[in-house]
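1. Please find the sequence and the predicted model below.
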Amino acid sequence: MIGKLQCIVLDCHYPAALARFYAALLGGEVDRPDPRWSLDEDWSTLHTDGGLVVAFQRVQDFHPPQWPDPAHPQQIHLDVDVEDIEAAERAVIAHGGAPLKAYEGWRVYADPAGHPFCLIGGSA
């Protein structure tokens, strides 16, 4: 092993707002003080209950991905296990997510900054 994952970083326009969206989706604490990072309008974090840290970084000329268009690549995406995919979908939409495509047992959404992510039903 060369190293261990410190955090996953998503580029976006509005870091704090995107951190709150993912807190609603995954749980955890937004912008918990952490000596590894300074928190400001250009950087926000989400410390999940499982220990994973997702960070959100402001990019002035951010261009959101457009799934599944390879001309606008995903950059990164998350798969999220859920017990009830219908209830999870309602919550995602209520918090600003947008449905992109439904498949048998899983669905693709865009977060408020346009990053695609998947809800995987029944495997939580």
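-> Received, thanks. Residues are numbered from 1 along each chain as shown.

2. Contacts for stretch 55-65 next, please.
-> Applying Cβ atoms under 8 Å, 6 or more residues apart in numbering, the external contacts of stretch 55-65 come out as 7-16, 18-19, 22, 37, 41-46, 72-75, 110, 113-116. C-beta: built from backbone N, CA, C; applies to glycine.

3. quick one: buried residues of that stretch?
-> Across stretch 55-65, burial judged by 16 or more other Cβ atoms under 10 Å covers 55-56, 58, 64-65.

4. any idea how far it is from the chain center?
-> Offset of stretch 55-65 from its chain centre (Cα atoms, centre = their mean, to the nearest Å): 12 Å.

5. Pull up the distance across it, start to finish.
-> Using Cα to Cα, to the nearest Å, the end-to-end distance of stretch 55-65 comes out at 17 Å.

6. So that it lines up with my notes, have the first residue be 197 from now on.
-> Noted, 197 is the first residue going forward, which turns the last one into stretch 251-261.

7. picking up where we left off before, list only buried entries from the contacts of stretch 251-261.
-> Buried subset of those (neighbour count, 16+ other Cβ under 10 Å): 203, 206-212, 214-215, 218, 239-242, 306, 309-312.

8. Which of these fall in helices?
-> In helices, judged by DSSP state H, the following of the buried ones among the contacts of stretch 251-261 are found: 211-212, 214-215, 218.

9. Kind regards, and thank you for your time.
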